[in-house]
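K.L.:
give the three-dimensional model of this entry:
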Amino acid sequence: MKALQGVKGELEWSEHSVPACGPGEVRIRVAAAGLNRADLLQKAGLYPPPAGVVDILGLECSGVISEVGSGSRWQVGQRVCALLAGGGMAEEVVIDERSVMPVPEGLDLHQAAALPEVYATAWLNLFQLAGLQPGEKVLLHAGASGVGSAAIQLCRAFGNPCWVSVGSAERLAYCEALGAEGGALRGESLESLRDFAPFDVILDPVGASYAKLNMELLGEDGRWVLIGLMGGREAALDLAQLLVRRIRLIGSTLRTRDLAFKGQLLESLVDKVWPLFASGALSPQLEAAYPIKDAEAAFAALASNQVSGKLVLVIDPDLS
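P.N.:
Model prediction:
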């Protein structure tokens, strides 16, 4: 099979051995794979896969099951999407069946490839780790990103007013169309977010450069969920504020979680979130689908920070 790797900062679509399908596993003929910032970092050599995980790029994919191992609950021919620790940008992938979800009703395989990573991230961090309750206010940094787009829609669906920080007026308008109440532009000043504070939950992929402001924007019993370090890793904090206002700082990564944890998370997604696609309350927000031969262009587009929503790579154009 062919698969995509990042080698010394370059992308290589090359031949790889075909993995065997063991008990409790499924083989997926891949239709498309979602592109995430983690793929950019791995390509650059800054985010190696966890121990024991293949170095093929791709944290999510969609396709059709072509083989099942003994004891699997899945069947050959089912249309599925999957959350992976790596390996999704390949013609085939073999994974534990707990990593697999059905394609939501009404969606095609390209749209489905854009769902697992961002919806799992948003659902885990807002509703499970932060324990978001109806009516609580949310601030989403990088609100027009894939995770931000998912989070805005989930907040709207579950009764949580949300605000965003974004890079342009166009991206703010995009977020407001999805359901955000408003927000602030990075290039100007985030100080205007104070007009909407205090927030109950902040979802933060930025880190150090927003740390001081985050502390000031949170209310009593606020939860600051840190999921990335785009703005640096070291910050000075007034820890007294954590004590006085009972603020919780929650560090969270998904890629390195074990299969049991991920399996339970995906079961919750299928139960609580997937029906909302069929009803129209949620949408994939797929900005563009690139053929695999244009992978470099797709990676460059994501790196430009101008993408609103998600990008996917089409691996097999005969599957949709």
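K.L.:
drop to CA atoms for contacts and neighbour counts, all remaining ones
P.N.:
Fine.
K.L.:
against G106, how distant is F127?
P.N.:
For F127, the distance to G106 (CA to CA, to the nearest Å) stands at 25 Å.
K.L.:
mind checking which of those two has more residues around it?
P.N.:
More crowded of F127 and G106, by other CA atoms under 10 Å: F127, with 15 against 11.
K.L.:
show me the contacts for that one.
P.N.:
F127 makes contact with Q133 under the criterion CA atoms under 8 Å, 6 or more residues apart in numbering.
K.L.:
confirm that it sits in a strand.
P.N.:
No. F127 sits outside any strand when classified using DSSP: H, G, I helix; E, B strand; the rest coil, being helix.
K.L.:
against L265, how distant is it?
P.N.:
11 Å.
K.L.:
swap in G58?
P.N.:
With distances taken as CA to CA, G58 is found 19 Å from L265.
K.L.:
between these two, which has more neighbouring residues?
P.N.:
The neighbour comparison of G58 against L265 (other CA under 10 Å) goes to G58, with 25 against 19.
K.L.:
isn't that one right next to E91, touching?
P.N.:
No. The pair G58 / E91 is not scored as a contact, 11.6 Å apart, by CA atoms under 8 Å.
K.L.:
what residues do those two have in common as contacts?
P.N.:
Common neighbours of G58 and E91, counting by CA under 8 Å, 6+ apart, are absent.
K.L.:
where in the stretch 201-320 of the chain is pLDDT low?
P.N.:
Regions of the stretch 201-320 of the chain meeting the criterion pLDDT under 70 are absent.
K.L.:
which SSE is the most centrally placed residue in the chain in?
P.N.:
Nearest residue to the geometric centre of the chain (CA atoms, centre = their mean): V118, 2.2 Å. Using DSSP states H and E, the element containing V118 is helix 116-122.
K.L.:
name the residues of that helix that come out as buried.
P.N.:
For helix 116-122, the neighbour count (16 or more other CA atoms under 10 Å) marks 116-122 as buried.
K.L.:
helices or strands up against it?
P.N.:
If contacts are counted by 3 or more CA pairs under 8 Å, 6 or more residues apart in numbering; DSSP states H and E, helix 116-122 sits against strand 60-68, strand 79-83, helix 146-157.
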